[in-house]
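dropping a prediction and its sequence here:
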Amino acid sequence: MCGRYASTLSGEELGRYFHADEIPDVEMRPSWNIPPTADVPIVVEKRDDRARFVTTARWSLVPPFADSLTLKYPTFNARSETVTEKPTFRGSVGHQRALLPADAYFEWRTDGKVKTPHAVTSPAGELAFAGLYSWWRANPDSEWVLTATILTMAAPEPIAWLHDRTPVVLGPDDWDWWLNRDSTADQRFIDDAVTRAQPFAEALVAHEVAPLAGNGPHLLYPV
């Protein structure tokens, strides 16, 4: 799973990196300690002209039918194996797919009662998590809130020693395929994403870090 991650590039930098056509005028503050429900950068595509743009979303997907923005269960991650079966996520699978940029994510290795934090990065640089998004509002007079989740998959052997789950990370060659709103996704499509992500997951590297406290580059320093 992925319950904390770092994303520090500015909107302008993300726009260039992801070849975005539009970068809305929203503030994207760098953070090395992003928790669920925080606003995070997200890359999506418009349906009408397929323009790619960078904006922000609340990290924890809330479906349109939910009564509240705060759900009783966590939705910051979605299991790729069952995402099309879950009412919370399946409405987004078809055409509301996203990329969530990250410098690294944090995972805790459990040894008995001891949990040791590690930072997970890619030798290739910036990570692009495959995700889903959904719009939610309290009532017809309220503003819409964009929410998102990160897809996870079974961790391959090189990283499974740390945790049995890892985010679905897609490479640049698959961004257009994943974001394409003209394509209607189903479980086979999601399974294909996991297959495409396998080489990137196998290349992930992890190093031990100090307990996560505060916010800053020091959170990624090896100990």
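Sure, I can see it.

what strand or helix carries Glu13?
Secondary structure assigned from DSSP states H and E places Glu13 in helix 11-17.

C-terminal to that helix, what's the next element?
Downstream of helix 11-17, the next assigned helix or strand under DSSP H and E is strand 31-34.

quick one: buried residues of that next one?
Buried residues in strand 31-34, counting neighbours by 16 or more other C-beta atoms under 10 Å, are found at 31-32, 34. From N, CA and C alone the C-beta is placed, and that goes for glycine too.

and if you look at stretch 135-142?
Buried residues in stretch 135-142, defined by neighbour count with 16+ other C-beta under 10 Å: Trp136.

ok now it, how far from the chain's centre?
On the basis of C-alpha atoms, centre = their mean, to the nearest Å, stretch 135-142 sits 24 Å off its chain's mean C-alpha point.

now do the contacts for the spatially most central residue of the chain.
With distances taken as C-alpha atoms, centre = their mean, the residue of the chain nearest its centroid is Ile150 (3.6 Å). For Ile150, the contacting residues are 2, 59, 76-78, 100, 129-131, 167-168, taking C-beta atoms under 8 Å, 6 or more residues apart in numbering as the criterion.

helix or strand right after the helix or strand it falls within?
Remark: Ile150 resides in strand 145-154, with elements defined by DSSP H and E. Sequence-wise, the next helix or strand downstream of strand 145-154 (DSSP H and E) is helix 157-160.

report the buried residues of that next one.
Ile159.

and that helix, what other elements does it pack with?
Using 3 or more C-beta pairs under 8 Å, 6 or more residues apart in numbering; DSSP states H and E as the contact criterion, the secondary-structure elements in contact with helix 157-160 are helix 187-202.

tell me the angle the helix it packs on makes with strand 145-154.
Using axes from the mean of the first three to the mean of the last three C-alpha atoms, to 10 degrees, one finds that helix 187-202 and strand 145-154 are set 70 degrees apart in direction.

wait, a strand at Asp176?
No - under DSSP: H, G, I helix; E, B strand; the rest coil, Asp176 sits outside any strand and is assigned helix.

that one - how many residues pack around it?
Using other C-beta atoms under 10 Å, Asp176 is surrounded by 12 other residues.

low-confidence ranges in this protein?
Across the chain, residues meeting the criterion (pLDDT under 70) sit at 1.

which residue is most remote from the mean position of it?
Note on the chain: the largest C-alpha distance from the chain mean falls to Asp141, namely 29.2 Å (C-alpha atoms, centre = their mean).

secondary structure class for that one?
Secondary structure assignment for Asp141 (three-state DSSP): coil.

quick check: of the buried residues of strand 31-34, which lies closest to Ala206?
Distances from these to Ala206 were compared by C-beta to C-beta; the smallest belongs to Trp32, at 15.9 Å.

the closest one contacts Leu220, doesn't it?
Yes - taking contact to mean C-beta atoms under 8 Å, the distance of 6.4 Å between Trp32 and Leu220 places them in contact.

chain neighbours aside, what residue packs nearest to Thr84?
If you skip the residues right next to it in sequence, Thr84 has Gln187 as its closest partner in space, 4.5 Å away by C-beta to C-beta, 6 or more residues apart in numbering.

could you do Thr37 as well?
If you skip the residues right next to it in sequence, Thr37 has Ser60 as its closest partner in space, 5.0 Å away by C-beta to C-beta, 6+ apart.
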